[in-house]
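Asker: would you be able to build a 3D model of this:
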Amino acid sequence: MNVSEPEAEAEYSRAPAVPDGHDRPVAGGTRGGWTGVGLPVLAGTLVAAVLLVVAEFAPLFEVRTSARNGVVTTVGSGSHHAYALLPIALLAAGLAWAWWRSPTRLIALAMAVLGVAALVIALGRDLPDAQSNGIEHSGGTYVTAAASPRAGLYLETAGAVVLLIASVGGLLLVPETNGQVQTKLSRRRSAS
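Answerer: Residues are numbered from 1 along each chain as shown. Prediction:
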C-alpha cells in the first residue's frame, strides 16, 4: 500500500495578507465609478466650485448715498478681491476629480484648506466692506453712504461652506491606508 504524507491546505506560518492598495475598497464603491458613498463628496465639491465661479461675476455689494438722487454704486465680487476665488474653484474641482479617482486624506485635507481660504476671503475681506457705513465726498459735498450685501457675498460664502462640508466628508470616507493596517497588525501581534 502506497500512502503519501498529508499536506496542509493553508500556510499558517505566514502573516495575514495585507492588501497592496489595488484591492482595497474605494470610497466611490468602484474605482472611477459613479456609485457609492464617494459621489456626495465629488458632487458637493463641484457644486462649491460652480458657486465660487458664479460668485466672482455677481455683484458683491451696493453703496447708496443720502444725496438727492440717491447715487448707487455696485461693486463686483471679482474686482473686489482680484478674482481670487477663480483659482480656488479650479483647484477644488481638480482635487475633487483626483479624490474620486484615488481617495486619500491628503487630497481631502487640501480641499479643506481651499474651503478655509475661500471662507477667509468671503468673511474676512468682503463682508466688512459689504456692511460698512460712512461719509463719502460726492459732487462737492459730503453725504452719508451705506453698503448693503448682494448675491455675490452669499454665493461665495455658500460655496466655501459647501466645500468645507464636502472635504470633511472626504476625510471621513477615506479607508485606512496600508501603513495604518500594517501598524495595527503589528500592535496586535506585540500585545498578544
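
Asker: pull the helix or strand with minimum mean pLDDT from the chain.
Answerer: Ranked by mean pLDDT, DSSP states H and E, the weakest helix or strand in the chain is helix 178-191, scoring a mean of 54.

Asker: which strand of the chain spans the most residues?
Answerer: In terms of residue count, the longest strand belonging to the chain (DSSP state E) is strand 141-149.

Asker: could I get the CA-only coordinates of that one as PDB?
Answerer: Coordinates of the C-alpha atoms in strand 141-149 are reproduced here as PDB (Å, rounded to 0.1, in the frame of the first residue of the first chain):
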ATOM      1  CA  THR A 141     -20.400 117.900  -0.700                       C
ATOM      2  CA  TYR A 142     -20.200 115.200   1.900                       C
ATOM      3  CA  VAL A 143     -23.000 112.700   2.100                       C
ATOM      4  CA  THR A 144     -23.600 109.600   4.200                       C
ATOM      5  CA  ALA A 145     -23.200 106.300   2.400                       C
ATOM      6  CA  ALA A 146     -24.200 102.800   3.400                       C
ATOM      7  CA  ALA A 147     -23.200  99.500   1.800                       C
ATOM      8  CA  SER A 148     -25.500  96.500   1.600                       C
ATOM      9  CA  PRO A 149     -24.600  92.900   0.600                       C
END
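
Asker: so how far is it off the chain centroid?
Answerer: 36 Å (C-alpha atoms, centre = their mean, to the nearest Å).

Asker: check which helices and strands it sits against.
Answerer: strand 59-65, helix 127-130, strand 133-138 (3 or more C-beta pairs under 8 Å, 6 or more residues apart in numbering; DSSP states H and E). All C-beta atoms are positioned from the backbone trio N, CA, C, and that covers glycine.

Asker: quick one: contacts for T157?
Answerer: L119, A122, L123 (C-beta atoms under 8 Å, 6 or more residues apart in numbering).

Asker: gap between F57 and A151?
Answerer: Shown here: F57 relative to A151, a distance of 10 Å by C-beta to C-beta, to the nearest Å.

Asker: same question, V162
Answerer: In terms of C-beta to C-beta, V162 sits 16 Å off from A151.

Asker: okay, these two: which has more neighbours?
Answerer: V162 (23 against 13; other C-beta atoms under 10 Å).

Asker: so where is the chain shaky, pLDDT-wise?
Answerer: Within the chain, the ranges that satisfy pLDDT under 70 run 1-37, 71, 176-192.

Asker: what ranges do the helices span in it?
Answerer: Secondary structure of the chain (DSSP state H): helices at 39-56, 77-80, 85-101, 105-120, 127-130, 151-173, 178-191.

Asker: now those as JSON lines including distance to R64?
Answerer: Shown next, in JSON lines, are those (distance: least, C-beta to C-beta, whole Å):
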{"stretch": "helix 39-56", "distance to R64": "22"}
{"stretch": "helix 77-80", "distance to R64": "17"}
{"stretch": "helix 85-101", "distance to R64": "26"}
{"stretch": "helix 105-120", "distance to R64": "27"}
{"stretch": "helix 127-130", "distance to R64": "13"}
{"stretch": "helix 151-173", "distance to R64": "16"}
{"stretch": "helix 178-191", "distance to R64": "57"}
